[in-house]
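# just to be clear, the model below is a prediction. Sequence and coordinates:
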Amino acid sequence: MSSATTSPTDDVAHALARRTSANERFFGEEAERTARLCHAMAERFARGGRLVALGSSPAARSDVRHVAVEFVHPVIVGKRALPAIGLAQEGGALALQARLLMRRDDIVIAYGAQDGDAELLRALAWARDLGCLTVSYARGSGAEWEFEPPSEDPFVRQELAETHYHVLWELVHVFFEHRGLLEGRAARPVHDTGASSFLYPFLAEREHDLEAVVADVRRSIEMKAGEVGALREQTLIENRQVLERAARVLRQCFEAGGKLLALGNGGSATDAMDAVADFRMPPAQFPAHIELPPWPPRPAIDLTEDSAILTAIANDVGTEEIFQRQVIAYGERGDVLLGLSTSGNSGNVIAALEKARKRGLETVAMVGYDGGRVASEGLADHVVITRSQHIPRIQEAQASAYHVLRALVER
């Protein structure tokens, strides 16, 4: 359907329909294999392995950083920190980084393999030859575990991959609670306190029954996929007018020579990274039924990108100033600030939004829970609320929101 014959509201509805269909198909087909991959990953962690994420493109780099922070800094009470390393292009040739840093018990996840990046595929091949457990989101990549998102839309593919690696992170812990199912338990005991067991309503104490636990995990995966599907619908439909208005503001900003600034903390920092990548380097491929001309690259700055600036401000002034100082340095009247926060209460995000308003920037916020202070105090001009208290699901729905926002800018 041509964009000339649709309204923005139609575009949002069509975007949601594509995501709903792909989400149901992907997790309907892959829940069983995903459950077994969680078990295989738990065995690797129990033997002292680490998760190593690989990616070359700017969008893939955001997934590399996202999965690493989720495993190292768990946000759910009762989760144990698990070792994870992110290797992206700024560190040099991926194949060389792989040879220097990978070990045979590691779990290697590659992002962007569908682009055919030769350096990424060489690193993945090296990891498999070494004996690592290898995962990718593209057929023909050479990974041991390949998961192909059923969509031509690069945004939808990335959103499905994000939900998938969130599910891996959440449910690998189930097997730690069943130590009898882990081959590496004798050499390296692994056990959670069980404080996060409320997340797994299907689980029972079946210490030596692998098939029963796999079946429980599979049902939990299907439940989580249903949850994100419903939350994505709430986010896009309830907020579609907000997204449409924000898209018009962004389009006007770019046409007047302005730029986008984006920011967030932790997983939300990687979402800001991804949003900026999508504006700077828009995807080249779209579903055949969407007749869109090539998108132009748009000026955008990721305020989470420069570790020297972030650590200098955090060390010398405080973490609440890390984004506000950059808004002062880069923000100009007519620019747009995008702030991402799962709680809506992040102090440094709020400080940046307030400073941006004082400097004449338009502000867009994507927030979870009930919107937090950002929504209740009206701290942004355009507020997209994802009504959930579960951080992984919030981030997945927010990814859909800023991808749809990106598309609406160019409609």
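Now that the structure is in, tell me what you want to look at.
# now do the strands in the stretch 101-250 of the chain.
107-111, 133-136, 145-146 (DSSP state E, counting those that start in this stretch).
# tell me, how many residues neighbour residue 143?
24 (other C-beta atoms under 10 Å). Where you see a C-beta, it was placed from the backbone N, CA and C, and this is true even at glycine.
# what sits against the residue positioned nearest the centre of the chain?
Geometric centre of the chain, nearest residue: residue 162, 4.8 Å, by C-alpha atoms, centre = their mean. By C-beta atoms under 8 Å, 6 or more residues apart in numbering, the contact list for residue 162 reads 63, 66, 395, 396, 399.
# repeat that for residue 119.
56, 93, 94, 95 are the contacts of residue 119 under C-beta under 8 Å, 6+ apart.
# can you say which of those are buried?
56, 94, 95 (16 or more other C-beta atoms under 10 Å).
# closest to residue 313 among the residues you listed?
Nearest to residue 313 among the buried ones among the contacts of residue 119, counting by C-beta to C-beta, is residue 56 at 29.2 Å.
# domain ranges for the chain?
Following automatic domain parsing, the chain resolves into domains at 3-230, 239-409.
# buried residues, stretch 379-398. List them.
Residues of stretch 379-398 classed as buried by neighbour count (16+ other C-beta under 10 Å): 379-388, 390-398.
# my bad, stretch 311-325
Applying a neighbour-count criterion of 16+ other C-beta under 10 Å, one finds 313, 320, 321, 322, 323, 324, 325 buried in stretch 311-325.
# cool, and stretch 84-94?
For stretch 84-94, burial by neighbour count (16+ other C-beta under 10 Å) applies to 84, 85, 86, 87, 88, 89, 94.
# and the contacts of it?
If you take C-beta under 8 Å, 6+ apart as the criterion, stretch 84-94 is touched by 50-57, 60-61, 64-65, 67-72, 97-98, 101, 119-120, 122-123.
# and what of stretch 55-68?
Residues outside stretch 55-68 that contact it (C-beta under 8 Å, 6+ apart): 51, 53-54, 84-90, 94, 109-112, 115, 117, 119-120, 154, 158, 161-162, 165, 169, 267, 269-271, 273-274, 276-278, 280-281, 283.
# narrow those to those in helices?
94, 119-120, 154, 158, 161-162, 165, 169, 267, 269-271, 273-274, 276-278, 280 (DSSP state H).
# just the buried residues of those.
94, 119-120, 154, 158, 161-162, 165, 169, 267, 269-271, 273-274, 276-278, 280.
# thinking again about what came up before, just the buried residues of stretch 84-94: which has the poorest pLDDT?
Ranked by pLDDT, those bottom out at residue 89 (90).
# quick check: that residue vs residue 366, distance?
For residue 89, the distance to residue 366 equals 27 Å [C-beta to C-beta, to the nearest Å].
# what's the longest helix in the protein?
helix 8-46.
# quick check: mean pLDDT across that helix?
pLDDT averaged over helix 8-46 gives 95.
# tell me which strands and helices that helix is in contact with?
Where contact means 3 or more C-beta pairs under 8 Å, 6 or more residues apart in numbering; DSSP states H and E, helix 8-46 is packed against strand 107-111, strand 133-136, strand 145-146, helix 154-176, helix 210-238, helix 240-255, helix 391-409.
# wait, doesn't residue 304 sit right on residue 271?
No - the pair residue 304 / residue 271 is not scored as a contact, 9.5 Å apart, by C-beta atoms under 8 Å.
# any regions of the stretch 251-400 of the chain where pLDDT drops low?
284-293 (pLDDT under 70).
# now residue 131: phi and psi?
Reported as degrees, to the nearest 10, the phi and psi values for residue 131 are phi 110, psi 10.
# quick one: contacts for it?
104, 105 are the contacts of residue 131 under C-beta under 8 Å, 6+ apart.
# now swap in the one 5 residues further on and tell me
Residues touching residue 136, when contacts are defined by C-beta under 8 Å, 6+ apart, comprise 109, 110, 111, 113, 124, 142, 143, 145, 146, 147.
# in the longest helix of the chain, what counts as buried?
For helix 8-46, using 16+ other C-beta under 10 Å, the buried residues are 8, 11-12, 14-16, 18-19, 22-23, 26-27, 30-31, 34-35, 37-46.
# same check on stretch 230-241?
231, 232, 233, 235, 236, 239, 240.
# got it, and stretch 399-410?
Buried residues in stretch 399-410, counted by 16+ other C-beta under 10 Å: 399, 400, 401, 402, 403, 404, 405, 406, 407, 408, 409, 410.
# now for those residues: which two are most distant?
399 and 410 (17.9 Å).
# before we move on, the earlier item: any common contacting residues for residue 304 and residue 271?
Common contacts of residue 304 and residue 271 (C-beta under 8 Å, 6+ apart): residue 264.
# secondary structure class for the residue nearest to residue 372 when sequence neighbours are not counted?
Of all residues not flanking residue 372 in the chain, residue 344 sits nearest, at 2.2 Å (C-beta to C-beta, 6 or more residues apart in numbering). Three-state call for residue 344 (DSSP: H, G, I helix; E, B strand; the rest coil): coil.
# what count of nearby residues applies to residue 344?
A total of 26 residues lie near residue 344 under the criterion other C-beta under 10 Å.
# tell me what residue 84 is bridged to.
Note on residue 84: beta-bridge partners residue 51, judged by DSSP bridges.
# just give me the closest of the buried residues of stretch 311-325 to residue 252.
The shortest gap between residue 252 and any of the buried residues of stretch 311-325 belongs to residue 323, at 23.4 Å (C-beta to C-beta).
# how far away is the closest residue to that closest one other than its chain neighbours from residue 262?
Excluding the flanking residues, the one nearest residue 323 by C-beta to C-beta, 6+ apart is residue 352, at 3.7 Å. Separation of residue 352 from residue 262 (C-beta to C-beta) stands at 10 Å.
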